[in-house]
Structures are given as C-alpha cells and as structure tokens.
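Asks: coords please:
(2 chains)
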Amino acid sequence: MSNFGVISDEQVEILINDVLEQHGYDFTGYSRASLKRRLARLYALDKHVSFAEFRYKTLNDDVYFKHFVEGVTVNVTEMFRDPSFYRLLRDKILPSLNTYPFIRIWLAGCSTGEEAYSIAILLKELNLLHKSLIYATDINPTVLEKAATGMFPLSQMKSYSENYIASGGSKDFSSYYSASYSLAKFDTELKSKMIFSTHNLVSDRSFNEFQLILCRNVLIYFDRPLQFRVFQLFDQSLENLGYLALGTKETLDFSPISPGYKRVGTDKVWRKVSA
Amino acid sequence: MRKIGAFVIGGSAGSLEVLLKVLPEVNKNLDFAIIIVIHRKQGTDSLLTDLLSHRTKLQVREADEKEQILNGYVYIAPSDYHLLIEKDLTFSLDYSEKINYSRPSIDVTFQSAADVYGENLVCLLLSGSNADGVNGLLTVKKNGGITLAQNPASAQVSYMPEQAISKAAVTSVLAIEEMASYINSLSSNN
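Replies: Residues are numbered from 1 along each chain as shown, chains lettered A, B, ... in the order given. A predicted model of the protein is given here:
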C-alpha cells in the first residue's frame, strides 16, 4: 500500500506547484519523504489510473481537493497522548495561568479535536474552564467539522481512559461522555469554550495573543526554514511568560527565537521569558 | 564494489536478543550508518538506547527529526513514530497511521531508505511475528539494494524471516553468528 514508487520526485514537485498556484495551499516547506509517501498513499487509496488523472482531479475538482488536503496532511491524534505531558499541564502549567482573569489557549493543528477536549477536561477539573477559551485551528476544514461534533469512536475510550488516568486524572472518565451507538459524545460544556477555525501555519498570520500555545506533532512535517517561520509566528502570538508546548520529538533549540525561551521540566514545553 | 550508505535492520518479537549478540562484534569505524527499527511498547525508548549502547563500541542514538545521518553511528527509530530518510540524508519522523499494526513500521523505513540509497542499501529482517518489512524488502530489491533475512531456524519467532524468504526472495539468509562479520565486510575501512 505505501508504495513509494508510484509517484516520482518530479511529480511531487509538479503537484506542490499546482496546488500552490491553483488553490493557494503552500506545501513547498513540507519534508519531502513524508509528503511523497502521503501522495503515493492517496494515489493508491483513490485508485487513480495515471498520474495525469491524479493531477487533473487535484487541479480542477474542488471537492476532490478538499479530500486531497485531508489525505496529504496527517490527522492521527488521540486524547491525553503522552500522559506525562498532560500531567505537567495539570500540575504546573494550567494552575499557573489562574492569575489571569481570562485564559486564551491556541491549539495549532488540532486535527479532529481529541487534544482540545483533553485540555478542556483538565481546565474543568482545575475549575478554570469558565474563564478559558481554546482556539483550535487546522489547515483542513473537514477535520474541524469532525472536531466540532465532539464525537469520537467509542472503541477508543478504553485506551483514552487509561491515558487520562496515567496523566493524573482521578474522575470516572466515562462521566465526560455519553455513548451513542459506536460513538462517545462528549459533554457540550467542554465544547462551549472552544472556537474552531481554519488557519494555515504556512501562510496565515498571528490572530491573537495567548498564554499557552500547543502545536504537537505538526512541525515534524516541516523543513527547518518553515519550522523557524512558524516559531516566529508563535513568538508573535505568545504573551510574555506564556508557554509553548511541542511534540515529544520536536524542539525549540537551535531556532532563532530560542534565546527568549526557557525549558520547563523534562517535557517539550518552553516559557517565554523576554518580550 | 558498491559503496554502502546504510545498513537497516528491522525486527519484532525475538529481535532484541539478536541485536545484543550481533552489535558487540561490529567494528566501530564503519563507513556507513546502521539504522534499527524494532517494534516495541511505547515509552521504552531510553531503555533500549541504553541497553544497546552498553553492548557496542559504536555510538548509539535515538534518531531525531532533521538529524544528519553519520557513518559509524547506530540510530534507533523512536517508539510511536515512523522513521523516514530525506534525500539530504537527514531523518524525518512521521506520526501517520500505523502500518501492519506498527509504528514505527519497518516497511516505511525500508521503503524510504530504498528511495534514497537505491543500490547502496542493505536491509536485514530479523525474528518477528508479523510481516512488517516484507513489502519494504521488495522495494529495496526493486531499487537494486541487498536484502537479507535471519535464518528462520535460529529465530525465536520465525514468521517474519520466513515471509521475507518466501515473499521477497532475499539475497541471502544469515545465521546470527554470521551477521557481524557480514556487516564488517561491507565497510571499506576494515
């Protein structure tokens, strides 16, 4: 299935160029190995008969292009992924935001929303949800529609509940959702403090100032220059003493903004220490 | 003679024991990198890196994204990410769907390495209970690389190397005792 051979390096560049010129989506700063694999995967999944046909549909069929963006970007996520990170949020970072009258959190690259609901649960348990707002953004409108439903597969709840407990949660995890056929529908109170919106980290600007920005397992798909540009965007969007949280294999080190940041604990969280 | 760029080892159940026997015998001045993808539980990364680095003269590192691949180093795919290789010989990590119920998937790394190294690649599939890596070996072979499997008779779980032999017609089948000298013989520094 994940056959690299189907799409050549030249064809990858042709598609990147088409998509930029025709649709305004800029994938030029994406790491090529992963992008090539995603394109080959999409080509095989959609049973295209030739590259010409794949290219034509991507260029001219807007409905197909939505599907293209969803297929090319990675939308794998889970609730309370990396429990030690959520424990740090619960024990240290979110409580320190209690001094603010109003807490603004940006979840960049939220995908189908599992992280947004995890954070809302933490805020609720810390009695901060009423004065918080989570801006959950993604490049991809289709995943945002899913995120806004607040419904996730019931089959995942056992593993999410284990993650929740491992992250320091002490409530009955099932009290946050009601089961409806194969889906778990999460408490609407959690969703009431979320704003879902499309935002493209490559081309869109800063839109607010936040005390906490989370962007986990998004930057691994970007090349260094694009990573650095996105860090500048985060820097412009973060209040002084605000926190930036990255994925377990991502780092702020060696980036132009790193001198203004201090690492918090052993997880991938940095605090902005100079304006 | 071809100049080897990377020696990639994939394995699942029963493969750690093989690595612990083979790595101590591998010379430290290899003129290519060793890249290891083994299936394991999430969150056991530093353990594995520590365990292996104590058994070999080579430098052992968990692969980081954008890290430059250096000769004479052993890189371990981190748990819960796919490990890919870029044309500029740096690593990329990918948190996309599991392949063959696995992340890291051996197929993903073998295929990505085949795309970059072509005929200058050697891939070895060890003991294991699923067929992850077999499709990867087919790609390696197609791109002119060398494909190897552990002798199933010596494998704790023979399914994976058996699949490699029957489905991917590997170049050679190696006993555990032959692996280190095979690796050393590929290096022109010895």
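Asks: any bit of the helix or strand hosting B:Y75 sitting next to chain A?
Replies: B:Y75 is part of strand B:73-76 when elements are defined by DSSP states H and E. No. Applying Cβ under 8 Å from any Cβ of the partner chain, one finds strand B:73-76 out of contact with chain A, separated by at least 12.6 Å. Yep, even glycine has a C-beta here, placed from its N, CA and C like the rest.
Asks: which SSE is immediately downstream of that strand?
Replies: strand B:82-85.
Asks: contacts for that next one?
Replies: A:31, A:33-34, A:37, B:6, B:35, B:37, B:63, B:69, B:77, B:91-96, B:99, B:103-105, B:108-109, B:112-113, B:115-117 (Cβ atoms under 8 Å, 6 or more residues apart in numbering or on different chains).
Asks: okay, and which of the residues you listed map to strands?
Replies: By the criterion of DSSP state E, membership of the contacts of strand B:82-85 in strands covers B:6, B:35, B:37, B:91-94.
Asks: find the closest residue to chain A in chain B.
Replies: B:L84 (3.9 Å; Cβ to the nearest Cβ).
Asks: what about that residue, neighbour count?
Replies: Counted with other Cβ atoms under 10 Å in any protein chain shown, residues neighbouring B:L84 total 28.
Asks: one more: the one 5 residues further on?
Replies: Residues lying near B:L89 (other Cβ under 10 Å) number 15.
Asks: follow-up on the earlier one: now the strand holding B:Y75: mean pLDDT?
Replies: The pLDDT scores in strand B:73-76 average 97.
Asks: who does that strand pair up with?
Replies: Strand B:73-76 sits in its sheet next to strand B:33-38 (parallel), strand B:59-62 (parallel), going by DSSP bridges.
Asks: ranking the ones you listed by burial, who's on top?
Replies: Ranked by mean neighbour count, the strands paired with strand B:73-76 are led by strand B:33-38 with a mean of 26 (mean count of other Cβ atoms under 10 Å in any protein chain shown).
Asks: how near is the most centrally placed residue in chain A to A:T137?
Replies: For chain A, A:G109 is the residue whose C-alpha lies nearest the centre (Cα atoms, centre = their mean; 2.5 Å). Going from A:G109 to A:T137 by Cβ to Cβ, to the nearest Å gives 7 Å.
Asks: near chain B, which residues of the stretch 151-275 of chain A?
Replies: Counting by Cβ under 8 Å from any Cβ, the stretch 151-275 of chain A comes close to chain B at A:217, A:220-221, A:224, A:247, A:249-250.
Asks: including secondary structure and distance to B:K167, could the residues you listed go into CSV?
Replies: Shown next, in CSV, are these (DSSP: H, G, I helix; E, B strand; the rest coil; distance: Cβ to Cβ, whole Å):
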residue, secondary structure, distance to B:K167
A:N217, coil, 32
A:I220, helix, 31
A:Y221, helix, 31
A:R224, helix, 38
A:G247, coil, 35
A:K249, coil, 32
A:E250, coil, 36
